[in-house]
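# sequence and computational prediction follow.
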Amino acid sequence: MREFKIAEPASADAATALLVETAETAAIIAGGTDLLDELKSGVSAAGLIVDLRTVPGLAGIVPERGGLRIGAMTRIVDLAGDAAVGRDYPGLRQAALSLATPQLRNAGTVGGNLCQRPRCWYYRDPQVLCRKKGGFNCFAYQGRNKYHCVFGGSGCYIVHPSDLAPMLIGLGATATLASPKGDKVIPLEAFYAGPEVDVTRENVLAKGQFLKSVGLPAPKPGLRTAYVKLEERGTWDFALVSAAVAGIVTGGVLTEISIVCGGVAPVPWRMKKAEDALRGKSASEAAVRAAADAALADASPLKENGYKTDLVFAALREAVAAITA
Ligand SMILES: Cc1cc2nc3c(=O)[nH]c(=O)nc-3n(C[C@H](O)[C@H](O)[C@H](O)COP(=O)(O)OP(=O)(O)OC[C@H]3O[C@@H](n4cnc5c(N)ncnc54)[C@H](O)[C@@H]3O)c2cc1C
């Protein structure tokens, strides 16, 4: 393992100042459950680790304008156990409980989960110089791609691994970024960027910025949410495909619906065509099939991952059934 230094900033401003000075060589650490693996394997060569645990005010969940503000350093176990999350956004609790293991949920944070790096086996192999690490090839494209994306691949075919991101985006969450010029608020959906923007990164964090918190809007009356995650092993596993669905059913009709899938694209993937197909309809199996087909018309499966298109329909059917039951 390479040597690195640790900085323990005492404020968000001190952290952003450090990150501006050392952007090329620095990495942020939150719970460390992902970053330490990258440092140990040599995938990350950071020389300075900026520890957010010493920055006050980044952990915790507080009510805000009828919704919630979730600090980036909030542990996933605390998100899953929060009474307001369970009451108002049960799909978010499902997503939190679906991820990793109790030990990882105890150590891992919301910010770390949203900013974790992809699990692509070529990216994680320190011997392989793929495009994400500055090389010229995506080895998954013509290689082993069972776990790779079916939407949005553009010279890099990773999938975004976070279980929290699709549900938070589906709920209309915002991301507050600490930055040298003060806090900046953007939709969480806009926080993520595909390989066509910058293949070496998965989000739009600029030099000196870090994710400070996530804001959830107040739940509309009648809002129902569900998170369905389809895995290979059924436990301690990343999603092959997941569906985060939030909606309102009035008189048997889906008057509002948002659908964001995980495991299918380099970013959490909004299924806009499926939303449009289901809005204003009752959620029969035929309507969900037609909605999935509308969205899947844009899919480009690779040699080994065509099965994911069946899983998109299966996850969607289960999630829509859960909010309309
Ligand atoms: C065996 C295993 C199974 C897993 N299964 C799942 C799963 O099923 N679903 C799932 O969603 N996740 C899964 N994970 C990932 C796990 O949830 C993440 O490791 C964890 O959420 C990361 O949180 P952390 O606080 O430890 O982040 P860290 O390891 O500290 O950081 C992760 C990354 O995010 C960056 N970062 C951290 N915080 C911030 C911030 N506030 N602003 C900007 N950048 C930041 C770091 O620089 C680093 O690149 C699994 C991990 C393992 C090891």
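Received, thanks. In this text, all values refer to a predicted model and were calculated from it rather than measured experimentally.
# residues in the chain within reach of the ligand, list them.
By CB under 6 Å from any ligand atom, the residues of the chain that approach the ligand are 27-35, 52, 72, 99-100, 104, 107-109, 111-113, 115-117, 161-163, 205, 210-211, 237-238. All C-beta atoms are positioned from the backbone trio N, CA, C, and that covers glycine.
# buried subset of these, written for PyMOL?
Per 16 or more other CB atoms under 10 Å, the buried members of the residues of the chain next to the ligand correspond to this PyMOL selection:
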select buried, resi 27+28+29+30+31+32+33+34+35+52+72+99+100+104+107+108+109+111+112+113+115+116+117+161+162+163+205+210+211+238
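# tell me the pLDDT of the residue nearest the centre of the chain.
Against the mean C-alpha coordinate of the chain, by CA atoms, centre = their mean, the closest residue is residue 165 at 3.0 Å. With respect to pLDDT, residue 165 scores 98.
# how far does the strand or helix carrying it sit from the chain's center?
If you go by DSSP states H and E, residue 165 is part of helix 164-170. Relative to the centre of its chain, helix 164-170 is centred 7 Å away, using CA atoms, centre = their mean, to the nearest Å.
# which residues sit in contact with the residue nearest to the residue nearest to the centre of the chain when sequence neighbours are not counted?
Excluding its sequence neighbours, the residue lying closest to residue 165 (CB to CB, 6 or more residues apart in numbering) is residue 268, at 4.4 Å. The neighbours of residue 268, taking CB atoms under 8 Å, 6 or more residues apart in numbering as the test, are 160, 162, 165, 166, 169, 189, 192, 244, 260, 261, 262.
# which residues touch the second one?
So the one you mean is residue 162. 113, 114, 116, 262, 268.
# do that again at 10 Å, thanks
Counting by CB atoms under 10 Å, 6 or more residues apart in numbering, residue 162 touches 95, 99, 110, 112-116, 118, 168-169, 192, 202, 238-239, 242, 262, 267-268.
# now it. Its backbone dihedrals?
Here is the backbone geometry of residue 162 (degrees, to the nearest 10): phi -70, psi 130.
# residues near residue 127, how many?
When neighbours are counted by other CB atoms under 10 Å, residue 127 registers 6.
# distance of it from residue 116?
22 Å (CB to CB, to the nearest Å).
# same thing with residue 273?
28 Å.
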